[in-house]
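In: please find the sequence and the predicted model below.
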Amino acid sequence: MPLGDDRSTPALQPVREDWDSALCVVAHPDDMEFGAAAAVARWTRQGKRVVYCMVTSGEAGIDGMHPEQCAATREAEQVASARIVGVDTVDFLRLPDGILEYGVPLRRVIAAEVRRHRPDIVITNNFREGWGGRALNQADHIATGKATLDAVRDAGNRWIFAEQLDGSLEPWGGVTEVWAAGSPDSGHGVDITETFELGVESLRAHRAYIEGLGWAQFDPAEFLGQASRQAGERMAVTHATTFEVFSMGWDD
């Protein structure tokens, strides 16, 4: 059967790559590395500028480590991981890990990031309730993704969070699309065949976190490869990453 004829595995359309800058907004250190970092490596190799924004520092993520020490460790791992895929700027908003809530305060801080970096594309993680029938999504992911989608619109309206517009920040309505990585409703993808190994190395950089979870037999290459090979089949390539695309325009 030709690719795309089976409704359960429709072909993925390539995402646009006619842009210059992207802002990635996710809840925790490691969220980009569980699937999307190899795509970032592809784009930075193309000369695009990509900035990471971590809403929390993941301080509640390691049971055997005090949150203060954990935050410092995970921030350091995230900075090192980002550099592997060509990202030099990583912002940490340091909101409380594990108890993020969707709402105006979260929209406000993300809108400020959008106004500060003025990206063409904004990337977040899957914020659907689950992962395509496999498992429930985590509350921080859902809150961050939903708030990011709304904050992109907020950032372009000078009368929303107007207190931010003090001369250093101005409204920014230049984001054309928001992409949610790993969404079960993804209809688009990115060929990451050439940068797959960089994505694997970026996940390996989160060593303390992985060890803290007790995943003694965890193999980043195999874990990432399972999903990327399945996505790759939908693009007729070896490895791919999936995205659900939300247009920010009125006429699309």
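Out: Right, received. Where do you want to start?
In: which intervals of this protein have sub-threshold pLDDT?
Out: Within the chain, the ranges that satisfy pLDDT under 70 run 1-8, 134, 250-252.
In: which parts of it are strands?
Out: Listed in chain order, the strands found in the chain under DSSP state E are 13-14, 21-26, 49-56, 90-95, 121-125, 177-181, 188-191, 240-247.
In: adjacent strands (with direction) for the first one?
Out: When you say that, I think you mean strand 13-14. strand 188-191 (parallel) (DSSP bridges).
In: what separates residue 99 from residue 168, distance-wise?
Out: Noted for residue 99: a distance of 30 Å to residue 168, by C-beta to C-beta, to the nearest Å. Every C-beta, even on glycine, is put in place using the N, C-alpha and C of the backbone.
In: picking up where we left off before, now render the strands of the chain as TSV, adding distance to residue 35 and mean neighbour count.
Out: Conversion of those to TSV gives the following (distance: least, C-beta to C-beta, whole Å; neighbours: other C-beta atoms under 10 Å):
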stretch	distance to residue 35	mean neighbour count
strand 13-14	17	13
strand 21-26	11	25
strand 49-56	14	24
strand 90-95	18	17
strand 121-125	8	28
strand 177-181	6	24
strand 188-191	11	22
strand 240-247	6	22
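In: for residue 36, find the nearest of the ones you listed.
Out: Comparing the strands of the chain by their distance to residue 36 (C-beta to C-beta), the top pick is strand 177-181, with 4.0 Å.
In: next, the angle from that closest one to strand 240-247.
Out: Computed by axes from the mean of the first three to the mean of the last three C-alpha atoms, to 10 degrees, the angle separating strand 177-181 from strand 240-247 equals 140 degrees.
In: got the contact list for the closest residue to residue 24 other than its chain neighbours?
Out: Spatially, and ignoring its direct neighbours in sequence, residue 24 is nearest to residue 123 (4.4 Å; C-beta to C-beta, 6 or more residues apart in numbering). Contacts of residue 123 were listed using C-beta atoms under 8 Å, 6 or more residues apart in numbering, and they are 22-25, 36, 178-181, 243.
In: partner residues bridging residue 123?
Out: Each beta-bridge partner of residue 123 is listed here, defined by DSSP bridges: residue 24, residue 179.
In: so how far is residue 178 from residue 241?
Out: Separation of residue 241 from residue 178 (C-beta to C-beta) stands at 16 Å.
In: when residue 99 and residue 168 are compared, which one has more neighbours?
Out: A count of neighbours by other C-beta atoms under 10 Å puts residue 99 above the other of residue 99 and residue 168, at 11 against 8.
In: for that one, what are its contacts?
Out: Contacts of residue 99 were listed using C-beta under 8 Å, 6+ apart, and they are 139-140.
In: tell me how far it lies from residue 127.
Out: Distance from residue 99 to residue 127, by C-beta to C-beta: 16 Å.
In: same check, this time on residue 193
Out: Counting by C-beta to C-beta, the separation of residue 193 from residue 127 is 27 Å.
In: out of these two, which sits in the more crowded spot?
Out: Between residue 193 and residue 127, residue 127 has the larger neighbour count (other C-beta under 10 Å), namely 22 against 16.
In: I'd like the contacts of residue 123 laid out as JSON lines, including distance to residue 236.
Out: As requested, these are arranged in JSON lines below (distance: C-beta to C-beta, whole Å):
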{"residue": "22", "distance to residue 236": "25"}
{"residue": "23", "distance to residue 236": "30"}
{"residue": "24", "distance to residue 236": "27"}
{"residue": "25", "distance to residue 236": "31"}
{"residue": "36", "distance to residue 236": "20"}
{"residue": "178", "distance to residue 236": "26"}
{"residue": "179", "distance to residue 236": "21"}
{"residue": "180", "distance to residue 236": "23"}
{"residue": "181", "distance to residue 236": "20"}
{"residue": "243", "distance to residue 236": "17"}
